[in-house]
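**Q** Here's my sequence, what's the structure:
(chains A, B and C)
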Amino acid sequence: MSQLWHEIRHTPLLWLLVLAPLVLVAHSAVPDAHTLLFLLSVLAIIPLATLLSHATEAVAARTGDTVGSLLNATLGNLTELIIALAALRLGQYTLVKASLAGAIVCNTLFMLGASFLLGGLKYHVQDYNRVSARLQTSLLFLATIALIVPSAMADADSVAAAPDFMQDLSFGLAIVLIIAYGLGLFFSLKSHREFFGSAEHASASDEAPWPLSVALATLAAVTIMVALVSEVFVESVQQAAETFGMTPAFVGFIVVALVGAAAEMTSAFSGARKNRLDLSVGIALGSAAQIALFVAPVLVLLSYVIGPTPMDLQFWPGAVIMVLVATMTAIIVTNSGRAAWFVGVLMLMVYLIFAMTLYLLPPKLL
Amino acid sequence: MSQLWHEIRHTPLLWLLVLAPLVLVAHSAVPDAHTLLFLLSVLAIIPLATLLSHATEAVAARTGDTVGSLLNATLGNLTELIIALAALRLGQYTLVKASLAGAIVCNTLFMLGASFLLGGLKYHVQDYNRVSARLQTSLLFLATIALIVPSAMADADSVAAAPDFMQDLSFGLAIVLIIAYGLGLFFSLKSHREFFGSAEHASASDEAPWPLSVALATLAAVTIMVALVSEVFVESVQQAAETFGMTPAFVGFIVVALVGAAAEMTSAFSGARKNRLDLSVGIALGSAAQIALFVAPVLVLLSYVIGPTPMDLQFWPGAVIMVLVATMTAIIVTNSGRAAWFVGVLMLMVYLIFAMTLYLLPPKLL
Amino acid sequence: MSQLWHEIRHTPLLWLLVLAPLVLVAHSAVPDAHTLLFLLSVLAIIPLATLLSHATEAVAARTGDTVGSLLNATLGNLTELIIALAALRLGQYTLVKASLAGAIVCNTLFMLGASFLLGGLKYHVQDYNRVSARLQTSLLFLATIALIVPSAMADADSVAAAPDFMQDLSFGLAIVLIIAYGLGLFFSLKSHREFFGSAEHASASDEAPWPLSVALATLAAVTIMVALVSEVFVESVQQAAETFGMTPAFVGFIVVALVGAAAEMTSAFSGARKNRLDLSVGIALGSAAQIALFVAPVLVLLSYVIGPTPMDLQFWPGAVIMVLVATMTAIIVTNSGRAAWFVGVLMLMVYLIFAMTLYLLPPKLL
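**A** Coordinates of the predicted model:
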């Protein structure tokens, strides 16, 4: 515990942690002050994300980059899962799907692109394990196909207004994706794990590492805090954003995704700055693949239990296009296993094109 | 001949060969017993396919994997060609196109994926000649463009209800594709053949090889038998399948393709299990490329002579999407020239997504 | 000057230079003799292109292939820019866009494909710098996304008949693309230039090189002549082509692009024949990327100043498909950094598919 306390005292940013309980108090006291709650929750998420990132790194230092980034991606996506579950219970499936697609695109393009850029500004060229990146992008490609094929073929046939078709198919696809994800984990962590280790870097041990128990306890506690604050954030963001003149599509796909991924981003960027790009790639692509092949399918299956009606996997065509382009970009970019600042710029610009389009899209969507 | 007889006596599976003439007899006797004929013909195709595969391997042992897999792919596609010719004469162009697209997708995803999986369960990692795979996938890519561009641009222009447009264009495209296929053969077998040899494996000579004459005679005889039995199969499959509750689309694209490719699959899988993955890749992708760049164009040209009206190259959009996705998957997957079981799983899952979609698609199609 | 004169006297092709002033005279004298002007201008462009190519090579000999091909691409695109500016002032945005898309596709598929083929007929295998090719194809990919995403998402939303949406978005996209192009130049010429040098060939110094001043003066003078003659060509081509039975789409995307790129093509082909494939790849892909990320966006921005109304970046869907296919082909083909004649054949066949489709498309387009 003393290391944790020491860290908080010496990192002024972490003093903002005091905002986290404040957000929850404010939310009870003035639930309609959307703009205030929005600003407070964004400010509170930042130090929580920082702390989460430190704790994850402490765990990763003992488990290696592969397991560390899986852990990080999973904890990061816990937030998304919790938010989505709340929306799922209310039957707000459009919101659920927007946040899922937004998270995939944000992780694949923004988080990875910014990692490449930030790392590239410090190191001339950075190498990473391309086998690992290829596994994640292949999984993403499979998920993209699962999103595209049903819509496209139903379209092509111009029949399938039949609602059962989409519903039954989505159920089957969800199970296929979950199995693929499970087998992918088994493949990378067990059966062929020698291909997925990162080029053992000098393990970032510039600080005395936290004991494992402290790190894990911090991880758990901070994740819960992030989830609570995130819920306030999501509730307030739509109305606050309209105050700032943003379209709902822009908020749903861009703003929510960026804030929701704050914790993972802090870890990914910090990994890039420490020349541990495998950690960054693992978090960014691993998290995207996990959302596409695990979180989304699990939500489909859960919708049969807790939702008012079953949720299907038919996404807004614009979202499908974004996921497809993001996946193709990731496949092309990670092919070489080598990064430089301009690669990051290119990925960020693809993301910028999406953001601009959504920002300007006439607000009838969602 | 004694080797052939010896092989049949010692392989219980081959005793099923007796079913082949039985199918033909039953077809004459009870032409309307669709379910019986369907089951009999499937059972008869299996031993024929096994024998065909042994004969091909015997030839390949003397010619090397490149020529061997070309031979195998060509003989395998003879069946498809014979079936398609029967349908062509009757003007059943939708059936012809479905069987062509189904065969391309089946070879590219199922046959290659299952080869990777079966090989990968025995060998930790398998390498194959990626230059060779790249040639085949490039040819497939060209064919896919030939399928997509005319439809897409006619669509984009929303003019070309003009039937002449599609007809004239298809004629031109057919000739382009045949020339490309011919030049591709010249390139890989003659001009740059040193790039296409496989990493000379220990030539699978665990058994005394058949004499070339026996092998070639067996090849010819079995191919004819397969063609005859296949015709019974195709006639009975649609009605039998409906008895089992399958949609026509599922039967046309999946069931017919799987059974039709049984012979090639046996060879491809056997190659993978013997760590001769170049043979598997050559058969799977070579056969797909041959259908797309040779069989389909030849059928278009022949339709001017033997069909009631000329056939064009405009496919059902759902089929175009499947061929496009299959080609992109093959390009991405074969990029590394290295296979493991999970790569096979991924390809099979893409195929499974297609199969599920077709199985559930409301039956109005085809 | 004496070298220039010496070269002209000893290259019979250059005697055609006398046609250049003749074209201009004929254009004043008989402005309606479209077929005559068309033939004269095509004949005049050929020697000008040859001379331009020699001058560029003389400059490239002193600057290296990277800068040389950038210079060549820029000068080649000057012609396109001049032509487009004339059309822009008249508000003929469909023509402008067709010539831009046509130039991108022509450079990417025809110029590169023919370079690979011509080089491959002389050399068994040719290697080139794949990092460099990857940068250009990545830029093209970014531009393609900028063309696709707005249309697709507006479509998907079926809202954006809102004209402001496309207009505002195009303005933003234009700025993004120009910045990306600038950063790409900085990346390849400055920050990471050690990756972009070509494998220093024996610098083609089989002839005494021209002095830099002569080369630069020739470059400038010939570029102006090309621009003048090109304008006559563009004016006459549509009507002359109809005399020859071509559709407007075929003329706009294929004929204009091929003649307009004559100068760059001469240099690219000559580079390929001298085994300096880096020069060819640099000119072909560099020119395509420059049109997509610099010329097109600059025209959008200029349309606010000199056009009757602002021009947007919404292209005919058929053109978008061609640019997308061309970009994907270039990405797949240049992945290996190695060329042989068949690779060139494949690219030319993709181009041929486009040309055939446009040639047969019922003439309602453009």
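
**Q** Which residues belonging to stretch A:163-181 are considered buried?
**A** For stretch A:163-181, burial by neighbour count (16 or more other C-beta atoms under 10 Å in any protein chain shown) applies to A:165-174, A:176-178, A:180-181. For glycine as for every other residue, the C-beta is placed from the backbone atoms N, C-alpha and C.

**Q** of those residues, closest to residue C:153?
**A** residue A:166 (21.5 Å; C-beta to C-beta).

**Q** The one helix or strand the closest one maps to - contacts with which helices or strands?
**A** Secondary-structure assignment from DSSP states H and E places residue A:166 in helix A:163-186. Identification of packing neighbours for helix A:163-186 by 3 or more C-beta pairs under 8 Å, 6 or more residues apart in numbering or on different chains; DSSP states H and E yields helix A:130-157, helix A:277-290, helix A:296-306, helix B:341-360.

**Q** right, so of those, which gets closest to chain C?
**A** helix A:130-157 (10.7 Å; C-beta to the nearest C-beta).

**Q** picking up where we left off before, with mean pLDDT as added columns, please give the helices and strands packed on helix A:163-186 in CSV.
**A** Compiled in CSV, the helices and strands packed on helix A:163-186 are given as follows (pLDDT from 0 to 100):
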stretch, mean pLDDT
helix A:130-157, 86
helix A:277-290, 91
helix A:296-306, 92
helix B:341-360, 95
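
**Q** Go through those and pick out the most buried.
**A** Comparing the helices and strands packed on helix A:163-186 by mean neighbour count (mean count of other C-beta atoms under 10 Å in any protein chain shown), helix A:277-290 ranks first with a mean of 30.

**Q** Relative to the whole chain's centre, how far out is it?
**A** Chain-centre distance of helix A:277-290: 9 Å, with C-alpha atoms, centre = their mean, to the nearest Å.

**Q** What helices and strands are in contact with it?
**A** Against helix A:277-290 (3+ C-beta pairs under 8 Å, 6+ apart) you get helix A:34-89, helix A:93-105, helix A:112-122, helix A:130-157, helix A:163-186, helix A:262-273, helix A:317-333.

**Q** which of those helices sits most buried?
**A** Stretch with highest mean neighbour count among the helices and strands packed on helix A:277-290: helix A:262-273 (a mean of 26; mean count of other C-beta under 10 Å).

**Q** Output that helix as PDB, restricted to C-alpha atoms.
**A** Only the C-alpha atoms of helix A:262-273 are listed here, as PDB (Å, rounded to 0.1, in the frame of the first residue of the first chain):
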ATOM      1  CA  ALA A 262      -9.100   6.600 -21.800                       C
ATOM      2  CA  ALA A 263      -7.700   4.000 -19.500                       C
ATOM      3  CA  GLU A 264      -6.400   1.700 -22.200                       C
ATOM      4  CA  MET A 265      -5.100   4.600 -24.100                       C
ATOM      5  CA  THR A 266      -3.000   5.800 -21.200                       C
ATOM      6  CA  SER A 267      -1.400   2.300 -21.000                       C
ATOM      7  CA  ALA A 268      -0.900   2.000 -24.800                       C
ATOM      8  CA  PHE A 269       0.700   5.400 -25.100                       C
ATOM      9  CA  SER A 270       2.900   4.900 -22.100                       C
ATOM     10  CA  GLY A 271       4.000   1.600 -23.600                       C
ATOM     11  CA  ALA A 272       4.900   3.300 -26.900                       C
ATOM     12  CA  ARG A 273       6.900   6.000 -25.200                       C
END
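
**Q** could you give the mean pLDDT of that helix?
**A** Helix A:262-273 carries an average pLDDT of 87.

**Q** tell me which strands and helices that helix is in contact with?
**A** Helices and strands touching helix A:262-273, by 3+ C-beta pairs under 8 Å, 6+ apart, are helix A:34-89, helix A:112-122, helix A:277-290.

**Q** Would you tell me which residues of the stretch 101-250 of chain A are close to chain B?
**A** Residues of the stretch 101-250 of chain A lying close to chain B (C-beta under 8 Å from any C-beta of the partner chain) are A:134-135, A:138-139, A:141-142, A:145-146, A:148-150, A:152-157, A:159-160, A:162, A:165, A:168-169, A:172-173, A:176, A:179-180, A:183-184, A:187, A:191-192.

**Q** Residue A:300 is in contact with residue A:315, isn't it?
**A** No - using C-beta atoms under 8 Å, residue A:300 is not in contact with residue A:315, being 11.7 Å away.

**Q** measure the closest residue to residue A:271 other than its chain neighbours to residue A:194 for me?
**A** Nearest non-adjacent residue to residue A:271, counting by C-beta to C-beta, 6 or more residues apart in numbering or on different chains: residue A:279, 3.4 Å away. Using C-beta to C-beta, to the nearest Å, residue A:279 is found at 18 Å from residue A:194.

**Q** ok, now residue A:47?
**A** In terms of C-beta to C-beta, residue A:47 sits 38 Å off from residue A:194.

**Q** List just the one of the helices and strands packed on helix A:262-273 that sits closest to residue A:266.
**A** helix A:34-89 (4.0 Å).

**Q** Low-confidence ranges, the stretch 1-150 of chain A, go.
**A** Applying pLDDT under 70 to the stretch 1-150 of chain A flags the ranges A:1, A:65.

**Q** can you list the residues of it near chain C?
**A** For the stretch 1-150 of chain A, the contact set with chain C under C-beta under 8 Å from any C-beta comprises A:124-125.

**Q** how far does whichever strand or helix holds residue A:25 sit from the chain's center?
**A** For residue A:25, the element it lies in under DSSP H and E is helix A:19-29. Offset of helix A:19-29 from its chain centre (C-alpha atoms, centre = their mean): 25 Å.

**Q** likewise stretch A:271-280?
**A** Taking mean C-alpha positions (C-alpha atoms, centre = their mean), stretch A:271-280 and its chain are 17 Å apart.

**Q** For it, report the contacting residues that lie outside it.
**A** A:57, A:60, A:65-66, A:68-69, A:72, A:111-112, A:115-116, A:118-119, A:122-123, A:126-129, A:132, A:198-199, A:201, A:204, A:267-269, A:283, A:339 (C-beta atoms under 8 Å, 6 or more residues apart in numbering or on different chains).
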